[in-house]
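> sequence unavailable; structure follows:
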């Protein structure tokens, strides 16, 4: 191939070899005797140092070698005289591919705020922080595909544009080719979607789960990994309008199998990142330590990033029912002292503060909560046998809770009983006819099955230790934000 | 895990083991002495045969064991007495998870037309043909991720919703949350997109290339693999409104490197499918042979599916310029005899008939055509030095042409010269200011770079030997088609 990645040069090329390296200048430093150029090509967090003797390079060339300029450097790989690197390139010649005017190039070698870098998302992958995040993001994505492939799952591309709006998971984006100013109207004055591209109203998917179930009821084990969308007008550090979801669905899996899979899955992909992104994670670990130092003592995290990742992969997740969790919470110190912002009692949806109390204070381990009240969960979750042990009916739901981040995975065994499913649809106001195809899987050859969803950016957030979700996706989409 | 995939039972479980297998009934056959049930769980094209002695199963149970019903069968794995399988399960007990009323279940054991199966896309993965296609699709997707990961590329998720409409690659779907019937208008009577979710007009992406280039100019080598959209009102066997694209972009790659990569890439992923999907491809090879028999002799393919795949991986792709190809075509028999539907001369866009002539008749090898006329290619392609050897200016484009399918990959070296790029944008009517972020990669640290795009469904079509693109994606989206 046409160039030798710096990652490769630093790790495997023997000293004494003539090499041509290509990359972007991170810094240039001149001493009395030499010029030192730190080059990076994105293949690794580590720069390679290229050294020329003073006077060796023309003034004209040297003037173009500024932060952000792109170069090809030819020379010999030698042991480095300086500290900080084992090898360096003794420059024989330099070709400047593209300069970067220091008066205009926004990424000068100084600390930039994450807010500023979000404004230049097209350039921020050229910084250490964002290149590290994107390499870790890549490694996690690959680990996910590898995990499912190794375990007999088939990747299923569920549709992005969908006419299905039954899940009610959130507000949706409309997809249309109708005239924007004057759409055709029906006699009743409503938009005539029969004239739209798909002959009906269509939206961007909020989840591939329902179609994923169709796949599982034929192929056994499938997973989706694709973009999903929410048109919620919330400008927070935890929400994106466009994000990537992983949704495995498995025939013949019950709740227990689902929990085993979720735990093994998330541990395996985090372990993969630790093994394959050691340099990047060390950098991000350090970045977070610096950030933590600026916080008040009581807001600082007890664990460093790397410790938190080790914590997750080396602990068995605690499993308990929602009902048991509520009892713990009701009897907890913060509840008794009125320190929770939201009150907690059987039937309420748990807030982040409750989830974090369970994980970070009470168990000090990742937690899987199960068997939630039916009323606060989706219609497709399998109903538990009714029992006097719980104040109300429950479903076989499970949420995996992580330190710092709260819910990272949500899933359930799915209702496989046709009559119960239809009854529940009526209860929540879904017309069963609109989902005839979904019901067909219960009508014909139904079977126990289960699945879960993992928001990919939530995982990347957790593994990189970043705190704003807009910093772990290359080009974030949020209210009023669709540049690039 | 909760069940033993049939794939696993057939390949690795020793005879004599007690097993529980779960799956859907494909067929049931009763003889005087025994009942034979063919079960499939989607893990493999191969069914497992379960056998009970006559009278062993209750009439009630037997009545429920019909095509499409879902069962758990417990018994002992024994050597098969019959032909067609090495092992079978001697039934000890059966649990019927879900029946499939033979009067209502649409997938009876007979040949269904592909058209009919398209109407029930939610059930068609339960057929041999579609389960084979989806497993091959999975294997190809995994091979693609593996190839890029093995070769130091980073997976980059470029945005799906985009305000960028500059590429002009085709008609787009609008994404909006404005009131559909009465959108807010500006004083000039146009839709006031400043009130829309993103504060501007947004569409579904037609390509991730431009954002991919941003990634390559920071990380070196990236690839995208995500959904893309075209709102073209064309109801053909080759077009989808929603399809998946793979788009690698590489810093420091020139046209030659780009060709090397494309050839190695496509051969590697096809080789992977041949190695990992032998059973499914043998089935699809046979399916195609049967289909070919129904065609007229002169329309039958010379090569079987497996031969065609071998043909691609074992031949070096022929590389020649567009200009040389035109000369071959102009002097070809079909041109001289007036057998081409479209006339051919320097400057025209090649039609499928021309591409197929080159690949299937003239070279009998896959072909990479390069250096196309500038006027018929996109603004971002690198301009060749002007030369009297060609009748007009050319660009460093490349198209990879395959037998049967024509163009499977299209790519180019990208224009890295700021001034030439801006001049070309003006020529084709793009306002450079709207793409300030794209131009920034040429403004700051520009470098030679290249990339290409592969329509994933085109590849799946080629590898499975199917002829309608709606049959190689689980839930096709096309005009008036958005069910499921």
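That came in fine, so what should we check first? Because the structure is predicted, anything quoted here is derived from the model rather than measured.

> hey, let's count contacts and neighbours off CA atoms from now on
OK.

> burial count for residue A:453?
Applying other C-alpha atoms under 10 Å in any protein chain shown, we find 23 residues neighbouring residue A:453.

> for the residue nearest to it when sequence neighbours are not counted, report the pLDDT, please.
Nearest non-adjacent residue to residue A:453, counting by C-alpha to C-alpha, 6 or more residues apart in numbering or on different chains: residue A:247, 4.4 Å away. With respect to pLDDT, residue A:247 has a value of 98.

> what of residue A:177?
So residue A:177 comes in at 96 (pLDDT).

> how about the nearest residue to it once chain neighbours are set aside, phi and psi?
Nearest residue to residue A:177, sequence neighbours excluded (C-alpha to C-alpha, 6+ apart): residue B:173, at 5.6 Å. With angles defined as degrees, to the nearest 10, residue B:173 sits at phi -90, psi 130.

> what do you get for residue A:465?
Dihedral pair for residue A:465: phi 70, psi 10, per degrees, to the nearest 10.

> show me the contacts for it.
Going by C-alpha atoms under 8 Å, 6 or more residues apart in numbering or on different chains, residue A:465 touches A:284-285, A:288, A:305.

> what's the burial count for residue A:81?
Other residues near residue A:81 come to 10 when the count uses other C-alpha under 10 Å.

> looks to me like it is in a strand.
No: Residue A:81: not assigned to a strand; according to DSSP: H, G, I helix; E, B strand; the rest coil it is coil.

> what residues are up against it?
Neighbour list for residue A:81: empty [criterion: C-alpha under 8 Å, 6+ apart].

> over to the one 5 residues further on?
When the contact criterion is C-alpha under 8 Å, 6+ apart, the partners of residue A:86 are A:79-80.

> which residue ranges of chain A form helices?
Secondary structure of chain A by DSSP state H: the helices cover A:6-12, A:59-64, A:114-119, A:128-150, A:209-219, A:255-276, A:278-293, A:305-314, A:322-330, A:333-336, A:352-356, A:418-428, A:436-443, A:456-464.

> and of those, who's closest to residue B:292?
helix A:209-219 (27.7 Å; C-alpha to C-alpha).

> how many other residues sit next to residue A:213?
Residue A:213: 27 neighbours (other C-alpha under 10 Å).

> could you pull up the residues touching the nearest residue to it once chain neighbours are set aside?
Distances taken as C-alpha to C-alpha, 6+ apart place residue A:249 nearest to residue A:213, at 5.9 Å, with adjacent residues excluded. By C-alpha under 8 Å, 6+ apart, residue A:249 lies in contact with A:209, A:212-213, A:215-216, A:221-223, A:449-452.

> hey, what's residue A:249 bridged with?
Assessed by DSSP bridges, residue A:249 has beta-bridge partners residue A:222, residue A:451.

> now do residue A:185
Taking DSSP bridges as the rule, residue A:185 bridges to residue A:191.

> count of neighbours near it?
Neighbours of residue A:185 using other C-alpha under 10 Å come to 14.

> pretty sure it is touching residue A:192, no?
Yes: counting by C-alpha atoms under 8 Å, residue A:185 does reach residue A:192; the two are 4.8 Å apart.

> tell me how far the residue nearest to residue A:422 when sequence neighbours are not counted lies from residue A:9.
Take residue A:422 and drop its neighbours on the chain: the residue closest to it by C-alpha to C-alpha, 6+ apart is residue A:432, 6.4 Å away. Residue A:432 sits 61 Å away from residue A:9, going by C-alpha to C-alpha, to the nearest Å.

> which of these two has more neighbours?
For residue A:432 versus residue A:9, neighbours defined as other C-alpha under 10 Å are more numerous around residue A:9 (20 against 17).

> what score does the residue nearest to residue A:177 have for pLDDT?
pLDDT for residue B:173: 96.

> isn't it right next to residue A:174, touching?
No: applying C-alpha under 8 Å as the test, residue B:173 and residue A:174 come out as separate, 9.6 Å apart.

> so where's chain A uncertain?
The model of chain A has pLDDT under 70 over residues A:1-2, A:165-170.

> contacts for stretch A:99-107 next, please.
Outside stretch A:99-107, the residues within contact range by C-alpha under 8 Å, 6+ apart are A:64-70, A:108, A:123, A:127, B:443-446.

> from the residues you listed, which is closest to residue B:387?
Comparing the contacts of stretch A:99-107 against residue B:387 with C-alpha to C-alpha places residue B:446 closest, at 24.9 Å.

> state the distance from residue A:9 to chain B.
13 Å (C-alpha to the nearest C-alpha, to the nearest Å).

> again, but for residue A:98
From residue A:98 to chain B the distance is 4 Å (C-alpha to the nearest C-alpha).

> returning to that earlier point: and of the contacts of residue A:249, the nearest to residue A:418?
Closest to residue A:418 out of the contacts of residue A:249 is residue A:449 (13.3 Å), distances taken as C-alpha to C-alpha.

> now the end-to-end length of stretch A:366-383.
First residue to last in stretch A:366-383 (C-alpha to C-alpha) measures 25 Å.

> gap between it and the chain center?
Here the centre of stretch A:366-383 is set off from its chain's centre by 23 Å, with C-alpha atoms, centre = their mean, to the nearest Å.

> check stretch A:212-230 too.
On C-alpha atoms, centre = their mean, the centre of stretch A:212-230 falls 18 Å from that of its chain.

> any idea how far apart the tips of stretch A:415-433 sit?
17 Å.
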